[in-house]
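> compute the structure for the input listed below.
(2 chains)
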Number of protein chains: 2
Amino acid sequence: MPSIARAAVEEIVRRIVTERFAAVPAAPTLVVDASARHMHVSREHLDQLFGPGYELTVHRPLYQPGHFAARETVTLIGPRSRLISNLRILGPIRSRSQVELAFTDAISLGLENVPIRLSGDLDGTPGAFLMGPRGIVELKEGVIRAAIHAHMNPAEAAYYGVQHGDEMKLRVAGLAPVTFERVRVRVDKTTLLNVHMDTDEANACGLHLAKEIELVK
Amino acid sequence: MPSIARAAVEEIVRRIVTERFAAVPAAPTLVVDASARHMHVSREHLDQLFGPGYELTVHRPLYQPGHFAARETVTLIGPRSRLISNLRILGPIRSRSQVELAFTDAISLGLENVPIRLSGDLDGTPGAFLMGPRGIVELKEGVIRAAIHAHMNPAEAAYYGVQHGDEMKLRVAGLAPVTFERVRVRVDKTTLLNVHMDTDEANACGLHLAKEIELVK
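Numbers count the residues shown, from 1 in each chain, chains lettered A, B, ... in the order given. Next up, the predicted model:
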């Protein structure tokens, strides 16, 4: 029987162990965030609200690389002259302005028919007025309640066995356990696994008290 | 072979049909209501807030017989002097005052540790000040977020195969489908089948848009 050098044995063992672990990838870290009401602003509208060439400044970086809550806020004016003050802008700027409200916010503003949409899907949505320190913008459309969604990169999507556009379930356990049944999957190679829900959803499930959260296909 | 009169045959058929239908009772009508923030008031506190011997007046009858939204409202004052105006009183009066807020309300008021409780389970809960037209009450405790619950009478409980204190699931279908997993069952012979959720829960599931709601064991 031929003898095998110790180094060769170790190499074989190392290769087997590595292959086994690679075959069972670790679960990605699941971060669930409650998005308070906010807006995304276009270059054109930022000029009108804050002055020509104005640049957003960073109040707080968000979980997704490059995204941030800006120091800048606007006043949102709905029908019947009801207001929401200090509506925070999230950066960076986008091609189209968009206001994201929870139903509680929308109802308090007098907007009772805000649709549930994915970000960017704005055709036919209600409008509102925005007031900044340098001017007012009439937003013709762009007010939505954002549908609960899960950002993830292709490796994370592969881990869950889902694709861009699929729907998953999010179960938040605790005193007020809730399962959200249509969590829209958004796959992008620049993002990290991150579920975004609004404040109504977060408050309904007591997200700030939740100890156990599960995302399943 | 003896002949049977037509009337006798009809009688037998009628009895069999009646027994069959009685064995499969019809599903009770499920009514799901969103309870906006409100309070229940004791005799003593009503005297202090509105004057000695004051009686609540009916603004709108509620679904449960004898219960009503009163015309009377109070101002709720939380820590850091934040207010909620026009907090509606629900009648009739109770042995103990109780304020029911959604988490959205509680957070806006500066009360960040409001517990999720069943109605009447008030020991150790936060307090607040109440202001009425004739006086101010310091409520030492009694501010809760009401746990989602289903009122039903014994026949309805028997239909679902549940008992007082059990938990059921409520699934609200639609664009933002949500399953509430711990709906507390409250059996009382004077009540009608009626699920109560708060405005956060109603707005999270888009209750005002929901076309299909299911209560299951």
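
> use CA for all of it now, contacts and neighbours both
Will do.

> what comes up buried for the top strand by length along chain A?
If you go by DSSP state E, chain A has its longest strand at strand A:83-94. In terms of neighbour count (16 or more other Cα atoms under 10 Å in any protein chain shown), strand A:83-94 has its buried residues at A:83-84, A:87-93.

> so the residue nearest the centre of chain A: helix, strand or coil?
The geometric centre of chain A, computed from its C-alpha atoms, lies nearest to residue A:196 (Cα atoms, centre = their mean), at 3.9 Å. Following DSSP: H, G, I helix; E, B strand; the rest coil, we place residue A:196 in the strand state.

> which secondary element of chain A has the worst mean pLDDT?
Ranked by mean pLDDT, DSSP states H and E, the weakest helix or strand in chain A is helix A:6-23, scoring a mean of 71.

> which element is encountered next along the chain beyond that one?
The helix or strand immediately downstream of helix A:6-23 is strand A:31-35, counting by DSSP states H and E.

> about what we covered before: just send the buried residues of strand A:83-94 back as a markdown table, with pLDDT too.
Shown next, in a markdown table, are those (pLDDT from 0 to 100):
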| residue | pLDDT |
| --- | --- |
| A:83 | 94 |
| A:84 | 96 |
| A:87 | 98 |
| A:88 | 98 |
| A:89 | 98 |
| A:90 | 98 |
| A:91 | 97 |
| A:92 | 97 |
| A:93 | 97 |
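
> how about CSV for those, with distance to residue A:189 added?
Below are the buried residues of strand A:83-94 laid out as CSV (distance: Cα to Cα, whole Å):
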residue, distance to residue A:189
A:83, 38
A:84, 35
A:87, 29
A:88, 27
A:89, 24
A:90, 21
A:91, 19
A:92, 18
A:93, 20
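
> what are the phi and psi values at residue A:150?
Dihedral pair for residue A:150: phi -120, psi 110, per degrees, to the nearest 10.

> ok, it - contacts?
By Cα atoms under 8 Å, 6 or more residues apart in numbering or on different chains, the contact set of residue A:150 is A:183-186, A:193-196.

> can you do 6 Å?
A:184-186, A:194-195 (Cα atoms under 6 Å, 6 or more residues apart in numbering or on different chains).

> can you pull the pLDDT of residue A:208?
Note on residue A:208: pLDDT of 89.

> Three-state assignment for it, please.
helix.

> closest to chain B among the buried residues of strand A:83-94?
residue A:84 (13.3 Å; Cα to the nearest Cα).

> surely that closest one is in contact with residue A:78?
No - with contact defined as Cα atoms under 6 Å, residue A:84 does not reach residue A:78; the gap is 8.2 Å.

> how about the residues of chain A near chain B?
A:103, A:177-181, A:200-201, A:203-204 (Cα under 6 Å from any Cα of the partner chain).

> contact partners of the helix or strand hosting residue A:49?
Taking DSSP H and E as the criterion, residue A:49 maps to helix A:43-50. Residues from elsewhere that reach helix A:43-50, judged by Cα under 6 Å, 6+ apart: A:53, A:132-135.

> for the residues you listed, which entry has the maximal number of neighbours?
residue A:132 (20 neighbours; other Cα atoms under 10 Å in any protein chain shown).

> residues near the closest residue to it other than its chain neighbours, how many?
Spatially, and ignoring its direct neighbours in sequence, residue A:132 is nearest to residue A:49 (4.4 Å; Cα to Cα, 6 or more residues apart in numbering or on different chains). Using other Cα under 10 Å, residue A:49 has 20 other residues around it.

> and what of residue A:140?
13.

> now it: phi and psi?
According to degrees, to the nearest 10, residue A:140 has phi -70, psi -40.

> check the gap between it and residue A:46 for me.
To residue A:46, residue A:140 is 15 Å away according to Cα to Cα, to the nearest Å.

> before we move on, the earlier item: tell me which two of the buried residues of strand A:83-94 sit farthest apart.
A:83 and A:92 (24.6 Å; Cα to Cα).

> dump the residue contacts of residue A:170.
Taking Cα under 6 Å, 6+ apart, one finds A:179-180, A:214-215 in contact with residue A:170.

> so which of these wins on neighbours?
Going by other Cα under 10 Å, residue A:180 tops the contacts of residue A:170 with 23 neighbours.

> tell me what that one is bridged to.
Residue A:180 has these beta-bridge partners by DSSP bridges: residue A:170, residue B:178.

> can you pull the contacts of it?
Going by Cα under 6 Å, 6+ apart, the list of residues near residue A:180 reads A:169-170, B:178.

> doesn't residue A:153 make contact with residue A:188?
Yes - counting by Cα under 6 Å, residue A:153 is a contact partner of residue A:188 at 5.0 Å.

> more neighbours, these two?
residue A:153 (19 against 15).

> and the pLDDT at the closest residue to the more buried one other than its chain neighbours?
In this structure, residue A:153 finds its nearest non-sequential neighbour in residue A:189, 4.6 Å apart by Cα to Cα, 6+ apart. Among the per-residue scores, residue A:189 holds a pLDDT of 94.

> just to check, residue A:189 is in contact with residue A:152?
No - with contact defined as Cα under 6 Å, residue A:189 does not reach residue A:152; the gap is 7.6 Å.

> give me the more crowded residue out of the two.
The residue with more neighbours, out of residue A:189 and residue A:152, is residue A:152; 24 against 11, by other Cα under 10 Å.

> can you give me every residue that contacts residue A:133?
Per Cα under 6 Å, 6+ apart, neighbours of residue A:133: residue A:50.

> I'd like to know how far it sits from residue A:73.
From residue A:133 over to residue A:73 the distance is 9 Å, taken as Cα to Cα.

> then residue A:7?
Residue A:7 is 63 Å from residue A:73, by Cα to Cα.

> now do residue A:100
14 Å.

> more neighbours, those two?
Using other Cα under 10 Å, the more surrounded residue of residue A:100 and residue A:73 is residue A:100, with 25 against 21.

> name the nearest residue to the residue nearest to the centre of chain A, sequence neighbours excluded.
Here the residue nearest residue A:196, using Cα to Cα, 6+ apart, is residue A:33, at 5.1 Å.

> try residue A:108
The nearest residue in space to residue A:108 (Cα to Cα, 6+ apart) is residue A:82, at 7.9 Å.

> list phi and psi for the one you found.
Torsion angles, degrees, to the nearest 10, at residue A:82: phi -80, psi 150.
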